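Enquirer: I need the structure of the sequence given here:
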Amino acid sequence: MKVLSDWEEIKLAKLISYPLIAISGLFVIVLCCSFAFNNFSGLGLGTHGFLYDLVNSAFTF
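Expert: The predicted model follows:
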């Protein structure tokens, strides 16, 4: 069994954690957009939801 130095452990931790942080961040952004536009009724842009109503009322004259 190979014993890793502190520097190698830090590099390994970064190698594993950075992609996980990026993927989880993108997942949170998708969930936030889904909730804002569609109230979690599917992941597409829907016709109901808080942000949809806000944008729709802002451009309704």
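Enquirer: Return the distance of residue 5 relative to residue 13.
Expert: Separation of residue 5 from residue 13 (CB to CB, to the nearest Å) stands at 13 Å. For every residue, glycine as well, the C-beta is placed using N, CA and C.
Enquirer: What of residue 31?
Expert: Taken as CB to CB, the span from residue 31 to residue 13 is 26 Å.
Enquirer: Moving along the chain from whichever helix or strand residue 14 is part of, name the first helix or strand you hit.
Expert: Element membership of residue 14 [criterion: DSSP states H and E] is helix 6-38. Scanning forward in sequence from helix 6-38 by DSSP H and E, the next helix or strand is helix 50-58.
Enquirer: by how many degrees do that next one and helix 6-38 diverge?
Expert: Taking axes from the mean of the first three to the mean of the last three CA atoms, to 10 degrees, one finds that helix 50-58 is oriented at 50 degrees with respect to helix 6-38.
Enquirer: Give me the average confidence score over helix 50-58.
Expert: The pLDDT scores in helix 50-58 average 75.
Enquirer: Check stretch 11-23 too.
Expert: The average pLDDT within stretch 11-23 is 91.
Enquirer: That one: which residues count as buried?
Expert: Residues of stretch 11-23 include none that count as buried (16 or more other CB atoms under 10 Å).
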